[in-house]
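[1] what's the 3D shape of this:
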Amino acid sequence: LKSPFFVLQHLKGDGIACITGSGSVVEKKLEPGQVLVVNSDSILALSKTLRYRLQLVGSPMSALIGREGCYVARINCVGPESGVAFLQPLQAAKQDGQLIATKR
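    Here you go, the predicted model:
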């Protein structure tokens, strides 16, 4: 089941955190000043030196007609140290829908 809400939790302290995703989890290292643009559904975890913001892509009308997402997430490294983003691939059902929409 996919939740309609984006859950944001801050973890801190010593120990191990278990975070689950669907499919293979990709670890992407960003250096200070680097920016990564991803589908907002693919974000699993970000280190403390990374920040994200949602950016409108296209228009709401294109989202309704073309069945595309309205937003992407821009992740940037703002700290003096590099940061790590853990990402998951889009779910297979969602990918199929996007491929069909692209072919039309």
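[2] Make sure D41 is indeed in a strand.
    No: assignment of D41 by DSSP: H, G, I helix; E, B strand; the rest coil gives helix, placing it outside any strand.
[3] pLDDT below threshold where in the protein?
    1-7, 60, 62-69, 91-104 (pLDDT under 70).
[4] Which stretches in it count as strands?
    Using DSSP state E, the strands of the chain run over 26-30, 35-39, 43-46, 50-56, 71-77, 83-87.
[5] for the ones you listed, which one sits closest to G15?
    strand 43-46 (14.6 Å; CB to CB). Where you see a C-beta, it was placed from the backbone N, CA and C, and this is true even at glycine.
[6] What is the closest one packed up against?
    strand 71-77, strand 83-87 (3 or more CB pairs under 8 Å, 6 or more residues apart in numbering; DSSP states H and E).
[7] Report the strands that pair with that strand, each with its relative direction.
    strand 83-87 (antiparallel) (DSSP bridges).
[8] Put the alpha carbons of the strand it pairs with into PDB.
    C-alpha atoms of strand 83-87 as PDB (Å, rounded to 0.1, in the frame of the first residue of the first chain):
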ATOM      1  CA  GLY A  83      26.400  13.900   2.100                       C
ATOM      2  CA  VAL A  84      24.700  10.700   1.200                       C
ATOM      3  CA  ALA A  85      21.200  10.200  -0.300                       C
ATOM      4  CA  PHE A  86      19.600   6.700  -0.200                       C
ATOM      5  CA  LEU A  87      17.200   6.300  -3.100                       C
END
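[9] Identify the residues contacting that strand?
    Contacts of strand 83-87 with the rest of the structure, by CB atoms under 8 Å, 6 or more residues apart in numbering, involve 19, 21, 25-30, 36, 38, 42-50, 75, 77.
[10] Then stretch 50-60?
    In contact with stretch 50-60 (CB under 8 Å, 6+ apart) are residues 30, 37, 40, 43, 46, 66, 68-79, 83-85.
[11] ok, of the residues you listed, which come out buried?
    Buried residues within those, counting neighbours by 16 or more other CB atoms under 10 Å: 30, 40, 43, 46, 69, 72-73, 75-77, 83, 85.
[12] just curious, which of the residues you listed is nearest to H10?
    L46 (10.4 Å).
[13] Sweet, I'm off.
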